[in-house]
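Q: Prediction below, plus the sequence it came from.
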Amino acid sequence: MDRTEQAGQAGRTAPAGHPERAGRTARAWPAERAGQAAARARDWAEIQERMLVPLYEAVHDRLEVGPATSVLGLGCRSGLALLLAAGRGAQVAGLEPEGELRELARGRRLRVGAGHRPAAPLARSAYSLVTVFEGLPGAADPRRTVAEAARLTLPGGHVVVAAWGPRERCESAAVLDVARRMARRSTARDPFELSPPGALEDLLAGTGLRPAGGGRVGCPFAYPDLDSAVRGLLSTGLYDAAAEFSGPPLVAKELEEALQPYLRPDGTVRMANVFRYLIAERPR
């Protein structure tokens, strides 16, 4: 008996090819839900965001984030990394272009502005630590994002940028390939394009920043069931181009198929992944 059959008998999911499973994704992700950014934002905050906690904590530990630190999350999404920094006593703020994610962050009593430039309600124009945890993989212009982070950093302060680790060390790689395979070629971006050695460092050219260390962190993606895994991954935004080209129900169905090797007998889903972060310093 294979994993899918065991999980099906446990009542968590049906075997591959079963009519129940073939239609379940379409029911869970009907076409009319495709444009509901608020639902996707909630899925990010409730399901996916916690997968990166090991990365957030590793950076906070490495830079000794505390009461003397002012932190700006550039592209902070719903703000969990900022909450963790605030729990260490840091002064925190964020910038998030997506309105639904921004409102969720503000609901956590975080000070978060729109777009990528400080404006009300932010109280500072520069910070001792600027983080870009989620904004680079798949970004249209990563170099511009890093340059903006540098502009928002105090002299003597630090910028931290993060990306997926080596493809061969990320079990989610095959699952992420669904996004590229089902998108129009001209819009498909490789989330691992910043994973090769030196790729993050190359983004510092012309910014005035200099490398000051870095590391790799294990960030397993673990979900209570297959539906949560699909919803969590779709919330990352990496599948948006695929959904626009192929339709959300079909993308979700293909994503569910790609997750089968990581479905456990108890119905949970787990993929081991590695993320890489780079610390850069702005000279005084």
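A: It's in.

Q: And the pLDDT for Ala114?
A: Listed pLDDT for Ala114 reads 89.

Q: wait, doesn't it sit right on Glu96?
A: Yes - between Ala114 and Glu96 a contact is recorded at 7.2 Å, counting by CB atoms under 8 Å. For the C-beta atoms, the positions are set from N, CA and C on the backbone; glycine is no exception.

Q: shared neighbours of these two, anything?
A: Arg102 (CB atoms under 8 Å, 6 or more residues apart in numbering).

Q: okay, these two: which has more neighbours?
A: Using other CB atoms under 10 Å, the more surrounded residue of Ala114 and Glu96 is Glu96, with 26 against 13.

Q: wait, doesn't the more buried one sit right on Arg102?
A: Yes - Glu96 lies in contact with Arg102 (CB under 8 Å); the separation is 4.3 Å.

Q: what do these two both touch?
A: With CB under 8 Å, 6+ apart as the test, Glu96 and Arg102 both reach 112, 114.

Q: so who does the residue sitting nearest the centre point of the chain touch?
A: The centroid of the chain falls nearest to Glu134 when counting by CA atoms, centre = their mean (4.5 Å). With contact taken as CB under 8 Å, 6+ apart, Glu134 is in contact with 52, 75, 77, 162, 236.

Q: swap the cut-off to 10 Å and go again
A: 44, 48-49, 52, 55, 73-77, 81, 162-163, 236-237 (CB atoms under 10 Å, 6 or more residues apart in numbering).

Q: Over to Ser128?
A: 63, 65, 68-72, 90-91, 153-158, 282.

Q: Secondary structure of it: a strand, I assume?
A: Yes - assessed with DSSP: H, G, I helix; E, B strand; the rest coil, Ser128 lies in a strand.

Q: how much space between the nearest residue to it once chain neighbours are set aside and Ala93?
A: Distances taken as CB to CB, 6 or more residues apart in numbering place Gly157 nearest to Ser128, at 4.2 Å, with adjacent residues excluded. Distance of Gly157 to Ala93, given as CB to CB, to the nearest Å: 14 Å.

Q: Quick check, pLDDT for Gly8.
A: 38.

Q: Which helix or strand lies directly C-terminal to the biggest strand by length in the chain?
A: Taking DSSP state E as the criterion, the chain has its longest strand at strand 153-164. Remark: after strand 153-164, the chain's next helix or strand is helix 173-181, criterion DSSP states H and E.

Q: can you give me the strands for the protein?
A: Using DSSP E, the strands of the chain run over residues 70-74, 91-95, 112-113, 127-132, 153-164, 210-218, 221-223, 269-271, 274-281.

Q: comparing those, which gets the lowest mean pLDDT score?
A: Lowest mean pLDDT within the strands of the chain: strand 112-113, a mean of 92.

Q: Arg284 reaches Gly157, doesn't it?
A: Yes - counting by CB atoms under 10 Å, Arg284 touches Gly157, with 9.4 Å between them.

Q: More neighbours: which of the two?
A: The neighbour count for Arg284 versus Gly157, taken as other CB under 10 Å, is higher for Gly157 (22 against 7).

Q: ok, that one to Arg88 distance?
A: Relative to Arg88, Gly157 is positioned 17 Å away (CB to CB).

Q: Now do the same contact list for Arg276.
A: By CB under 10 Å, 6+ apart, the contact set of Arg276 is 55, 161-166, 169, 194-195, 197, 199-200, 214-217.

Q: Now with 6 Å, please.
A: Going by CB atoms under 6 Å, 6 or more residues apart in numbering, Arg276 touches 163, 165, 216.

Q: Excluding chain neighbours, what is closest to it?
A: Distance criterion CB to CB, 6+ apart; nearest residue to Arg276, sequence neighbours excluded, is Gly165 at 4.8 Å.

Q: If you tally nearby residues, what's the number for that neighbour?
A: Neighbours of Gly165 under the rule other CB under 10 Å: 19.

Q: Assess the claim that it and Asn273 are in contact.
A: No - here Gly165 does not reach Asn273: they are 7.1 Å apart, not a contact under CB atoms under 6 Å.

Q: Helices of the stretch 1-150 of the chain, residue ranges please.
A: If DSSP state H, counting those that start in this stretch is used as the criterion, the helices of the stretch 1-150 of the chain fall at 3-9, 19-28, 37-43, 53-62, 80-87, 99-107, 142-151.

Q: Which one of those lies nearest to Glu254?
A: Nearest to Glu254, of all the helices of the stretch 1-150 of the chain, is helix 19-28, at 9.2 Å by CB to CB.
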